[in-house]
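A.B. asks: next one to model:
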Amino acid sequence: MSTPDPDPRRTAGLTGDHTLRGGDTPPAEGGISGISHPEPPELRHAWGPATLVTLVVVLVCLLVAGIVLALVL
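C.D. replies: Residues are numbered from 1 along each chain as shown. I've put the predicted structure just below:
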């Protein structure tokens, strides 16, 4: 495996003043492509509709239970 930035004194195709001859191309880039790790999944919203509906239902149940207890006692 070659390094992405080789030593210019040992790079084939360069003239004495470190320029390319006509028709030559620079060395290829490094062999790394793509991403190294998969992207993490997108975070979900904590206060979605199901959470809010559940919270309202629990609060209404607690309110009704409090009213019933106050009437019974």
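
A.B. asks: what is the burial count for Pro38?
C.D. replies: 6 (other C-beta atoms under 10 Å). In this view, the C-beta of every residue, glycine as well, is placed from N, C-alpha and C.

A.B. asks: please apply the same query to the one 4 residues further on.
C.D. replies: Here the number of neighbours of Glu42 (other C-beta under 10 Å) works out to 5.

A.B. asks: so it, which state does it fall into?
C.D. replies: coil (DSSP: H, G, I helix; E, B strand; the rest coil).

A.B. asks: if I look at it, how far off is Leu52?
C.D. replies: 20 Å (C-beta to C-beta, to the nearest Å).

A.B. asks: Leu59 too?
C.D. replies: Applying C-beta to C-beta, the value for Leu59 to Leu52 is 11 Å.

A.B. asks: which parts of this protein are helices?
C.D. replies: Assigned by DSSP state H, the helices in the chain fall at 49-72.

A.B. asks: which sections of it are below the confidence cut-off?
C.D. replies: Within the chain, the segments meeting pLDDT under 70 span 1-14, 18, 20-35, 45.

A.B. asks: quick one, what contacts Leu59?
C.D. replies: Leu59 makes no contacts at all, as judged by C-beta atoms under 8 Å, 6 or more residues apart in numbering.

A.B. asks: now it: how far from Val53?
C.D. replies: In terms of C-beta to C-beta, Leu59 sits 11 Å off from Val53.

A.B. asks: for Val64, same thing?
C.D. replies: Val64 is 17 Å from Val53, where distance means C-beta to C-beta.

A.B. asks: before we move on, what about Ala70?
C.D. replies: For Ala70, the distance to Val53 - C-beta to C-beta - is 26 Å.

A.B. asks: Leu73 too?
C.D. replies: 31 Å.

A.B. asks: name the residue in those two with the higher neighbour count.
C.D. replies: Under the criterion of other C-beta under 10 Å, the comparison of Leu73 against Val53 puts Val53 first, with 10 against 5.

A.B. asks: what's the neighbour count on Ala70?
C.D. replies: Neighbours of Ala70 under the rule other C-beta under 10 Å: 8.

A.B. asks: alpha carbons of stretch 64-71, as PDB, please.
C.D. replies: Extracted in PDB, the C-alpha atoms of stretch 64-71 (Å, rounded to 0.1, in the frame of the first residue of the first chain):
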ATOM      1  CA  VAL A  64     -60.800  11.300  38.900                       C
ATOM      2  CA  ALA A  65     -59.300   9.000  41.600                       C
ATOM      3  CA  GLY A  66     -58.600  12.100  43.800                       C
ATOM      4  CA  ILE A  67     -62.200  13.300  43.300                       C
ATOM      5  CA  VAL A  68     -63.600   9.900  44.200                       C
ATOM      6  CA  LEU A  69     -61.500   9.600  47.300                       C
ATOM      7  CA  ALA A  70     -62.500  13.100  48.400                       C
ATOM      8  CA  LEU A  71     -66.200  12.300  48.000                       C
END
